[in-house]
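Peer 1: sequence plus predicted model, see below.
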Amino acid sequence: MSQSLAAARTAAGPVAELVLAGDLDRPARMTVPDLLAWPQHEAEVSFECATSGIRHHRFTGPLLHDVLTAAGPAFDPARRKDRLRFIIAVSSRDGHHALLSWAEIDPDFGRAPVLLAVGIDDTPLDREGPQLVLPQDRCGARHISGIDTIRVDGGYTPWA
């Protein structure tokens, strides 16, 4: 961790909280400092924004797959490939939402290196909350700032 990031983390102030909910054996409440206990990954990302052009950032944080796996998704071992029916809904305090499939982040399938970013360009996100970062997305539309809830859902009603 850089010295500026470490110094900023010691500054006093409220810390944002994120809720892991849904079909999980171990739902949880987490903060950015909690997420710092996970192995940290870095991603250099370029987003093509329709209104402001290309934006370049360096994000740091744990993999979404690692954090959700530790929360114990309620996969049914009797159902072949049960994890493929699970969706992940991410929402933020400012009303933005994004959906991902479990298969998208699962190392046996899509293996997308989706981050729960705890820092952007050496700036900590303790007060703002973690950010959802999908480095493989060309456009930043699924980039969610200030995440407050991640819901894992395998029990939605199938389409008719």
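Peer 2: Arrived safely.

Peer 1: quick check: next helix or strand after the least confident helix or strand in the chain by mean pLDDT?
Peer 2: Least confident helix or strand, the chain: helix 3-9 with a mean of 44, by mean pLDDT, DSSP states H and E. The C-terminal neighbour of helix 3-9 among helices and strands, as given by DSSP states H and E, is strand 17-22.

Peer 1: packing partners of the helix or strand that that next one is followed by?
Peer 2: As assigned by DSSP H and E, the chain's next helix or strand after strand 17-22 is strand 28-31. Under the contact criterion of 3 or more CB pairs under 8 Å, 6 or more residues apart in numbering; DSSP states H and E, strand 28-31 touches strand 17-22. From N, CA and C alone the C-beta is placed, and that goes for glycine too.

Peer 1: for the strand it packs on, C-alpha coordinates in PDB please.
Peer 2: Extracted in PDB, the C-alpha atoms of strand 17-22 (Å, rounded to 0.1, in the frame of the first residue of the first chain):
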ATOM      1  CA  GLU A  17     -20.900  -0.400   4.900                       C
ATOM      2  CA  LEU A  18     -21.900  -3.000   2.400                       C
ATOM      3  CA  VAL A  19     -24.400  -5.800   3.000                       C
ATOM      4  CA  LEU A  20     -24.000  -9.300   1.500                       C
ATOM      5  CA  ALA A  21     -27.500 -10.800   1.400                       C
ATOM      6  CA  GLY A  22     -29.600 -13.400  -0.400                       C
END
